[in-house]
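Q: Next come a sequence and a model predicted from it.
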Amino acid sequence: MNAAITFEHFEDAIRALYGQAGPNQQRLANEYLIHVWNHCKQSWEYGLRILSRPVLPGQADATHTQYFCANMIYGKIRQEWFALSQPEQDSIQSELERLLQRIRASELSFAPLVLKRICMAMTVLYLAIDGGCARCVSDCVSTVSSLLHVQVALVLLTSLCDENDDSYLPPSRKDTLVLEITDASTKVFPFITQLFDSAAVDQDVRLAGLMCLKVWIKAAGFSLAKLYTNMPTVFHALLQAFQQPQTAPVALKEVVVCALILSDALEVNEYPPATSKEVAMQALAQTLLASHATIGFYLAHDANVAHALTTLVSTYGESELDWFVLGSPDALQLTELLLALASQPNRQIASLTFDFWLGIQDYPVASRHVAFQDAMFHRLLHALVTQCALRDDEDTDDVDSFRQAVAEVLMAIYHLLKAQFLVDMGQHIGGGGDAATVEAVMFGLTVVAPELKLKLVDDVASQQLVLEFCGSYVFQHPSFTGVPSVVKAASVFLGHLGTFVHAQWTVSQDDSLLVAALQYLSFALSVPDASASAAKAINLLCAACTTPLVLKDALVSTLLQSMQSQIGHLTLDERVWLLEGIVRVACLAPWGRLALEQLLAPICTRLLSDSRGDVAAVAAACVLDLQSLSTVLRFMDAPSDVAGGAALTQQVVAWSWPALQHVAASASSTDSQIRDALLDVFASVLKAKKQDAHAFASTGEFAAIVAWVETHAVSTPAAIYGAIVVVELYGAAAPHFVTPMIVHIGRAVMAHCHTVPSPTHVPDLIRVYFELAQRCVIFSPASLFDDAATFVASVHLAVACLSSLAHREALRAVVVYVNYLVTKRDGPTLAPFRALLDGALVDQKAPFAFALVQLVTATCPSTVLAAVTTLFFHVLSTYGAMHAAVWEALVAIESPLTVEDKRAVHSCWIRLTTDYAERKFAALMKDYAKVCRKEMPTEQLIDYFVDN
């Protein structure tokens, strides 16, 4: 399409955009129109020209073209109005006003959607100019000589208050606009009242009037009492809308709008309350009670109306809680209505009542009417459990969303009913509840389980009920073994009982519940949908009941067998949860060695075997076994003396080592996941041997780990984590070959960085290397500083990373490392190396300063800005030689600031760092960054300049 900007091309492009010429022509038209819209002054003229042109009989339908132009004018007023000159603003305003005059005079006719967009354009203009609201309202209410005038007036008035995004307005205009809307409402409400005073009003006009009233009620803060007093005709018309069921589309819309108007009016709080409030509330309550059958009809037949009416009744309840808890006959009848609304088929609409029920719970129980003390909540609990049941033909997302919303209500009901909550839940199952009901009951119990387990510590009634519930239902009812969702929920519930189970064993040596629970959970592992919950529950029970489980070697062996029999479908997380639980117990038990041997034997066997088949599947299985082995070793750092102590740890390492050697020797250079997992195991071995670390340092296993780390430091960044563990474990007393390892890793990283275009290509390697460097500075500075060339190279690399790195975590690691060097240079750890450290940093002062200024000015991610600010502050307060370099960088880097602004900013930086005002420096840097990113005007920095 020709790129020339002419009216003909503009109109042709709109036709092509909505035409059938094919996607390529539509794309070209779209690109052209975007350019015209955003960059061409002619777009104002062209859009208004098309809108001002009548469509003659026989011409093609112009609705699409007209709507595009109306929408463009609307968008451009929002985007560009305050950038236009006064003559341009006056010209556009007069053209739009002339357009409206021609519409009112029937010279122009538009589709409703186009007319609405034109009115929206006019109203955003009026909102932008002082006195615009009053002018718009006066124009609308004074020109009502025909039905068309009324229709246009209602669309304009609705648009005036329905514009919910005022971000295009300056702050001063936003403040005055609130007052203008309130003042203008004194003319709008009488205008709308006139529509309802006329018996012959058109149905569409009546609906438009109601929609207009809705937005003005909300904008002007018009309360129900004012609506009753000032607009009685309208008030009674609103109530009358609920008397009889409606089926006509316009009538249904009217019911919805009437309900929403009353809801908005109820949310307006007046102080002191108007004298007519009580009468108005009583009239509304009586109407709602009289309309119970009508509401029931809508609940069954129309979701939109049901939503609006549920909102109205719930809002009434929330606004009149003081009245409800007193329990008058009307209040109790309305509560029955609210209970019916909470039980309606549409769960999402039912959830609108939840705030009412939670509000009742905020009142002291003794101060409520007897119906609200517990009886009503027993019924509500029954209704909610029924709602939570997922039937075969229902949408899972709908039930899940409802359950998420209902959790807080269930918790509140539990706090009220306490042990009786368990009785009610058991009755749902004992009363012949189907599988869906049983699962809903268990969902409810999992919601309250975190609070229930706290009650079980000293609530004897709850303890007995839990024992009966588990014995009668969880371990007996067929749904708890035949329905996967029930098994899953029951597993979650049992996982919360650990503290109670342990307390029961402590008092009476009764471990029957523990045994039954773990046997049930062993079965649950075989249910794919429930295995994750079962594994987590086993972990929790093992952690809470370690002491009694030490005496249950056969039970733990059963758990192991169950895990190993289901190993094929267990995920990594599930394996980890099971292993953590079992190994935690084994490390305290005299039979721990046998359990660990039973646990490790199949893992090591699989790792030693040369499996054939799908390469990816074999690699994935190897990774899972390595990660399982790592989990076991993490718990082997301090077994009890009864279990074997350090000898048990050594035995586990001895059992594992041949398998690790085999994997290390056979792992392909491309098996990055296997290498990562293997290195994680090596790190776990080092941590497990920390009790006799120095003896372990002389072993062949330790030397092999160090050699593997050195070899794979660059190809597998996770290898450097092994070096980090070594540095943290041995510190300054590291074995003689640890320092060469650190130097070797440093040189390898530097050499690799020279082979890539920039550090941005290897963020993971950068991150883990500088984490290692920081650990060296803290625990073993000699390993970093003894080779001066490597340390200086690390500083150069750090500066290069500050200049180019965008990866948040990698950048943070670099910043933390350099900041530690600067802030701890005078401390006892780094003092011997201060000359080398200072020389390396000062030698890089120009690129270092440029990198810091560039970060805060443009490139720093917001989550790392605080750390960069801290580094910047300490650099300026420590190194005076950096001041001039920072100024040069500030001038060189492009930003919205003028040279004078930059000079003032630099002066503030130097003053605040010289005075050591770190908090004020951080505040300045935060605002400076916002100014540079055009999130804040430059004027916001003036306060800092004045202080300067």
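A: Thanks, I have the structure now.
Q: C-alpha only now, for contacts and for neighbours.
A: Noted.
Q: Tell me which residues of stretch 470-490 come out buried.
A: Neighbour-count burial for stretch 470-490, counted by 16 or more other Cα atoms under 10 Å, picks out 470, 473-475, 479-481, 483-490.
Q: now swap in stretch 391-402 and tell me
A: Neighbour count says stretch 391-402 has Val399, Phe402 buried, by 16+ other Cα under 10 Å.
Q: distance between the ends of it?
A: 14 Å (Cα to Cα, to the nearest Å).
Q: now stretch 552-562: how far from the chain's centre is it?
A: Relative to its chain's centre, stretch 552-562 lies at 41 Å (Cα atoms, centre = their mean, to the nearest Å).
Q: ok, Glu710 - how many residues close by?
A: 22 (other Cα atoms under 10 Å).
Q: same deal with Ser794?
A: Residues near Ser794, counting by other Cα under 10 Å: 21.
Q: what pLDDT, on average, does the helix or strand containing it get?
A: Using DSSP states H and E, Ser794 maps to helix 788-804. When pLDDT is averaged along helix 788-804, the result is 92.
Q: Who are the packing partners of it?
A: In terms of contacts (3 or more Cα pairs under 8 Å, 6 or more residues apart in numbering; DSSP states H and E), helix 788-804 is packed against helix 738-753, helix 781-785, helix 808-823, helix 834-843, helix 845-854.
Q: could you dump these to TSV with distance to Ser142, mean neighbour count and mean pLDDT?
A: Compiled in TSV, the helices and strands packed on helix 788-804 are given as follows (distance: least, Cα to Cα, whole Å; neighbours: other Cα atoms under 10 Å; pLDDT from 0 to 100):
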stretch	distance to Ser142	mean neighbour count	mean pLDDT
helix 738-753	76	19	88
helix 781-785	84	21	87
helix 808-823	61	20	95
helix 834-843	76	16	93
helix 845-854	59	22	95
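Q: Using JSON lines, lay out those together with distance to Gly431.
A: Listed next are the helices and strands packed on helix 788-804 as JSON lines, based on distance: least, Cα to Cα, whole Å:
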{"stretch": "helix 738-753", "distance to Gly431": "69"}
{"stretch": "helix 781-785", "distance to Gly431": "71"}
{"stretch": "helix 808-823", "distance to Gly431": "56"}
{"stretch": "helix 834-843", "distance to Gly431": "78"}
{"stretch": "helix 845-854", "distance to Gly431": "71"}
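Q: Buried residues, stretch 494-514. List them.
A: With burial defined by 16+ other Cα under 10 Å, the residues of stretch 494-514 counted as buried are 494-505, 511, 513-514.
Q: Closest to Arg78 out of those residues?
A: His496 (55.6 Å; Cα to Cα).
Q: so where is the protein shaky, pLDDT-wise?
A: For the chain, the stretches with pLDDT under 70 are 1-3, 164-165, 167, 199-200, 611-613, 668-670, 732-735, 946-948.
Q: what sits against Asp826?
A: Residues in contact with Asp826, defined by Cα atoms under 8 Å, 6 or more residues apart in numbering, are Arg834.
Q: SS state for it?
A: With DSSP: H, G, I helix; E, B strand; the rest coil as the basis, Asp826 sits in coil.
Q: So this structure: which segments form each domain?
A: Listed domain ranges for the chain are 41-167, 712-818, 844-948 (source: automatic domain parsing).
Q: Tell me which of the ones you listed is the most buried.
A: Of all these, domain 712-818 has the most neighbours on average by mean count of other Cα atoms under 10 Å, namely a mean of 20.
Q: what helix or strand does Ala440 sit in?
A: Counting by DSSP H and E, Ala440 is found in helix 435-455.
Q: and the following helix or strand past that helix, what does it pack onto?
A: Downstream of helix 435-455, the first helix or strand assigned by DSSP H and E is helix 460-469. Contacts defined by 3+ Cα pairs under 8 Å, 6+ apart place helix 460-469 against helix 419-430.
Q: in the helix it packs on, what counts as buried?
A: Ala419, Gln420, Phe421, Leu422, Asp424, Met425, Gly426, His428, Ile429.
Q: Excluding covalently adjacent residues, which one is nearest to the last one?
A: Taking Cα to Cα, 6 or more residues apart in numbering as the measure, Ile429 lies nearest to Val438, with 5.8 Å between them; neighbours along the chain are not counted.
Q: Report the separation between that neighbour and Leu626.
A: From Val438 to Leu626 the distance is 40 Å (Cα to Cα).
Q: Same question for Leu513.
A: 34 Å.
Q: Ok, which of the helices and strands packed on helix 788-804 comes nearest Ala251?
A: Per Cα to Cα, nearest to Ala251 of these: helix 808-823, 56.5 Å.
Q: Just list what the strand or helix carrying Asp901 packs against, helices and strands only.
A: Secondary structure from DSSP H and E places Asp901 in helix 899-914. When contacts are defined as 3+ Cα pairs under 8 Å, 6+ apart, helix 899-914 sits against helix 865-878, helix 882-892, helix 918-932, helix 942-947.
Q: Nearest to Ala237, out of the ones you listed?
A: That would be helix 918-932 among those, by Cα to Cα, at 52.5 Å.
Q: Give me the residues contacting the closest one.
A: Contacts of helix 918-932 (Cα under 8 Å, 6+ apart): 856-858, 865-866, 869-870, 873, 895-897, 909, 912-913, 936-938, 940-941, 944.
Q: Repeat the analysis, applying 7 Å as the threshold.
A: Contacts to helix 918-932, defined as Cα atoms under 7 Å, 6 or more residues apart in numbering, come from residues Val856, Thr857, Ala858, Thr869, Phe873, Ser895, Pro896, Trp909, Leu912, Met936, Pro937, Thr938.
Q: and it, how far from the chain's centre?
A: In this view, helix 918-932 has its centroid 27 Å away from the chain centroid, taken as Cα atoms, centre = their mean.
Q: Please export the C-alpha coordinates of it as PDB.
A: What follows is helix 918-932, C-alpha atoms only, in PDB (Å, rounded to 0.1, in the frame of the first residue of the first chain):
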ATOM      1  CA  GLU A 918      23.600   6.100  53.300                       C
ATOM      2  CA  ARG A 919      19.800   6.100  53.700                       C
ATOM      3  CA  LYS A 920      19.400   9.500  52.000                       C
ATOM      4  CA  PHE A 921      21.800   8.400  49.300                       C
ATOM      5  CA  ALA A 922      19.700   5.300  48.700                       C
ATOM      6  CA  ALA A 923      16.500   7.400  48.400                       C
ATOM      7  CA  LEU A 924      18.200   9.800  46.000                       C
ATOM      8  CA  MET A 925      19.400   6.900  43.800                       C
ATOM      9  CA  LYS A 926      16.000   5.300  43.700                       C
ATOM     10  CA  ASP A 927      14.400   8.600  42.500                       C
ATOM     11  CA  TYR A 928      17.300   9.200  40.100                       C
ATOM     12  CA  ALA A 929      16.700   5.800  38.500                       C
ATOM     13  CA  LYS A 930      13.000   6.500  38.200                       C
ATOM     14  CA  VAL A 931      13.700   9.900  36.500                       C
ATOM     15  CA  CYS A 932      16.100   8.300  34.100                       C
END
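Q: quick one, it and helix 899-914 angle?
A: 160 degrees (axes from the mean of the first three to the mean of the last three Cα atoms, to 10 degrees).
Q: Now do helix 918-932 and helix 865-878, the angle between them.
A: Helix 918-932 runs at 120 degrees relative to helix 865-878, counting by the same axes, to 10 degrees.
Q: hang on, the earlier thing: could you dump the helices and strands packed on helix 899-914 to TSV with distance to Leu156?
A: Below are these laid out as TSV (distance: least, Cα to Cα, whole Å):
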stretch	distance to Leu156
helix 865-878	46
helix 882-892	51
helix 918-932	38
helix 942-947	42
